[in-house]
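Peer 1: Task: produce atomic coordinates for the following.
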Amino acid sequence: MNQTARMARDNGVVGAGGAGFPTHVKLDSSVDTLVVNAAECEPLLYKDQTVLEQCLDTFAEGTRMAADAVGAERIAVAVKAKHAALIERLRDELPPSMEVAPLVDAYPSGDEFITVYEVTGRSIPKGGIPLDVGVVVNNVETLYNLGLKAPVTEKFVTVSGDVPDTVTLKVPLGITLRAVLDAAGAPVENKGFVVGGPMMGSVTDDLDAPVTKTTAGILVLPQGHSLLVRKARTDPQVHKIAYSCDQCFRCTDLCPRDLLGHGVKPHKAMISASFSPDAATAWQETALYCCECALCTLYSCPEDLDPFRMMVLSKRALLAKGIRPEKQDVTPHPMYPHRRTPTTMLVRRLGLEPYLAEHRYAEFTGAPAALEFPLTQHIGAPSVPVVKKGARVQAGTLLAEIPEKALGSRIFTSLAGRVSAVEPDRIFIEL
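Peer 2: Residues are numbered from 1 along each chain as shown. Reported below is the predicted structural model:
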């Protein structure tokens, strides 16, 4: 493992764009291109823009370190072309070795398969990863964390939606969602909440849940908003409405992964609802290659059905049967450039236009009484506690280690305090 990969491992750096893949694994590789994902894929999220606007030098240092670690000859910062002022600043202030690659303002441009294709012209194989085409992709905040050269103890979180002020805050890991909302001055009475973006985020009513390494934003909406209702459907409800699908193929026609040539067919997953679990397998198999962007449900379907959830359920059923993705070269669909989904149209379809607003950055000034650290904040095995109840800890103290010979990430406390409990799946700190 090279020195930078080792540093990323030691400091608990993971993908901060949502997935939480341990960064040290990506950096322990050799490629010719490093792509920085600054697309800010989801509407109403602004954290990546904020990092670039507020912390450009640290981001640039982390990017340089990552590029040196993987031996990348090309460094491309992928930003949506609509951010003209930010692009101009990046071109003026980033080192000459880092180019800016403007992206079409379409959803889901932040999907790494789409970003790699748009920036390099290379098609990641079906069932493959960017490394298969000589590329490593890292999120803006991930590279900022790398550039800090210190344990990951804070997170950039956007609070947007039905709020008086759209703001991105840098907050300590482990504080509650409620504390973030309070710091942002966001109302909570008669509101519903989506953690993450409106497309791939999840509805929650637990505002005492903690901020983790992958928390990107909190979307506040009026109770009863159509997005909250659709996201709150149960599995039986999803199955029940699937029977009314008339196979218009609209979900497949606009599927981003199908347009890339990956053969993802949401309409087939809808048919699978009519079959027994064994007979459904053939109709479900394309779900293995779904990126779970939810476009098919929240934009494409004209009947308010839920092909996205049917794809998720299908993937889960296939994996339970031991069926795994197979790697295969692909050719993008000739209609790829013409069937992209403009973000402006998506926002309108979601009923979120009233919540588009100027955003600002703010430091967190709250005084939480306690912190909570789930032991799974990343892809891989749960971290293993290395502290005991009653121990005094300082900010940056290691709380949990990567299990031996496992994929995982270290976890550090963000503030000083006393370990009040060590449970099988989480650690609590009393401040």
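Peer 1: isn't there a strand covering Ala287?
Peer 2: No - membership of Ala287 in a strand is not supported by DSSP: H, G, I helix; E, B strand; the rest coil, which gives helix.
Peer 1: Identify the residue spatially nearest to it, adjacent ones excluded.
Peer 2: Taking CB to CB, 6 or more residues apart in numbering as the measure, Ala287 lies nearest to Ser314, with 3.7 Å between them; neighbours along the chain are not counted. (C-beta placed from N, C-alpha, C; glycine too.)
Peer 1: What is the helix or strand hosting that neighbour packed up against?
Peer 2: In this assignment (DSSP states H and E), Ser314 forms part of helix 307-320. Counting contacts by 3 or more CB pairs under 8 Å, 6 or more residues apart in numbering; DSSP states H and E, the secondary-structure elements packed against helix 307-320 are helix 235-242, helix 266-272, helix 277-284.
Peer 1: And the contacts of the shortest one?
Peer 2: Residues external to helix 266-272 that are found in contact with it (CB atoms under 8 Å, 6 or more residues apart in numbering): 242, 245, 247-249, 251-252, 255, 280, 283-284, 286-287, 290, 296, 305, 307-308, 310-311, 313-314.
Peer 1: sorry, back to before: the helices and strands packed on helix 307-320: which one's closest to Ala184?
Peer 2: Proximity to Ala184, assessed across the helices and strands packed on helix 307-320 by CB to CB, is greatest for helix 235-242 (32.3 Å).
Peer 1: Tell me the buried residues in the closest one?
Peer 2: Val238, His239, Ile241, Ala242 (16 or more other CB atoms under 10 Å).
Peer 1: hmm, which two among those are most spread apart?
Peer 2: Largest pairwise distance in the buried residues of helix 235-242, by CB to CB, is 7.7 Å, between His239 and Ile241.
Peer 1: Could you count how many residues lie near Thr234?
Peer 2: Residues within reach of Thr234, counting by other CB atoms under 10 Å, total 9.
Peer 1: so how far is Arg309 from it?
Peer 2: Relative to Arg309, Thr234 is positioned 10 Å away (criterion: CB to CB, to the nearest Å).
Peer 1: Show the subsequent helix or strand relative to the helix holding Ser314.
Peer 2: Scanning forward in sequence from helix 307-320 by DSSP H and E, the next helix or strand is strand 341-342.
Peer 1: What strands flank that following strand, and is each parallel or antiparallel?
Peer 2: The pairing partners recorded for strand 341-342 under DSSP bridges are strand 106-107 (antiparallel).
Peer 1: Now do the strand it pairs with, average pLDDT.
Peer 2: Rounded to a whole number, the mean pLDDT of strand 106-107 is 96.
Peer 1: Stretch 265-279 too?
Peer 2: The average of the pLDDT scores along stretch 265-279 is 91.
Peer 1: and the end-to-end length of it?
Peer 2: The first and final residues of stretch 265-279 sit 17 Å from each other (CA to CA, to the nearest Å).
Peer 1: May I see the buried residues of it?
Peer 2: Those buried within stretch 265-279 under the rule 16+ other CB under 10 Å are Lys265, Pro266, His267, Lys268, Ala269, Met270, Ile271, Ser272, Ala273.
Peer 1: Please list all residues in contact with the residue nearest to Ala287.
Peer 2: With contact set as CB under 8 Å, 6+ apart, Ser314 has these partners: Ala269, Ser272, Ala280, Trp283, Gln284, Ala287.
Peer 1: Can you pick out the most distant pair from those?
Peer 2: With distances taken as CB to CB, the most widely separated pair in the contacts of Ser314 is Ala280 and Ala287, at 10.5 Å.
Peer 1: And the chain, what are its domain boundaries?
Peer 2: Domain segmentation of the chain under automatic domain parsing yields 3-148, 235-349, 371-431.
Peer 1: returning to what we had before: now the buried residues of helix 235-242 as TSV including pLDDT and distance to Val194?
Peer 2: What follows is these, written out as TSV (pLDDT from 0 to 100; distance: CB to CB, whole Å):
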residue	pLDDT	distance to Val194
Val238	95	18
His239	91	23
Ile241	94	21
Ala242	94	23
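Peer 1: out of the contacts of helix 266-272, which are buried?
Peer 2: Looking at the contacts of helix 266-272 with 16+ other CB under 10 Å, the buried ones turn out to be 242, 245, 251-252, 255, 280, 283-284, 286-287, 290, 296, 305, 307-308, 310-311, 313-314.
Peer 1: Surely Gln247 is within a strand?
Peer 2: No - Gln247: not assigned to a strand; according to three-state DSSP it is coil.
Peer 1: Tell me the confidence at it?
Peer 2: The pLDDT attached to Gln247 in the predicted structure is 95.
Peer 1: show me the contacts for it.
Peer 2: Contacts of Gln247 were listed using CB under 8 Å, 6+ apart, and they are His267, Met270, Ile271.
Peer 1: Now it: phi and psi?
Peer 2: Note on Gln247: backbone dihedrals following degrees, to the nearest 10 are phi 60, psi 50.
Peer 1: Could you shift the numbering so residue one becomes 844, and keep it that way?
Peer 2: In the new numbering, first residue 844, that becomes Gln1090.
Peer 1: Helix or strand: which one has Thr1057?
Peer 2: Secondary structure here is read from DSSP H and E; on that basis Thr1057 sits in neither a helix nor a strand.
Peer 1: Count the neighbours of it for me.
Peer 2: For Thr1057, the tally of surrounding residues (other CB under 10 Å) stands at 19.
Peer 1: Can you give me the pLDDT of the residue nearest to it when sequence neighbours are not counted?
Peer 2: If the residues on either side of it in the chain are set aside, Thr1057 comes closest to Gly863, at 4.4 Å by CB to CB, 6+ apart. You'll see Gly863 listed with a pLDDT of 93.
Peer 1: what about the stretch 1044-1193 of the chain, any weak spots by pLDDT?
Peer 2: For the stretch 1044-1193 of the chain, no stretch has pLDDT under 70.
Peer 1: Lys1013 falls within a strand, correct?
Peer 2: Yes - for Lys1013, which was evaluated using three-state DSSP, the result is membership in a strand.
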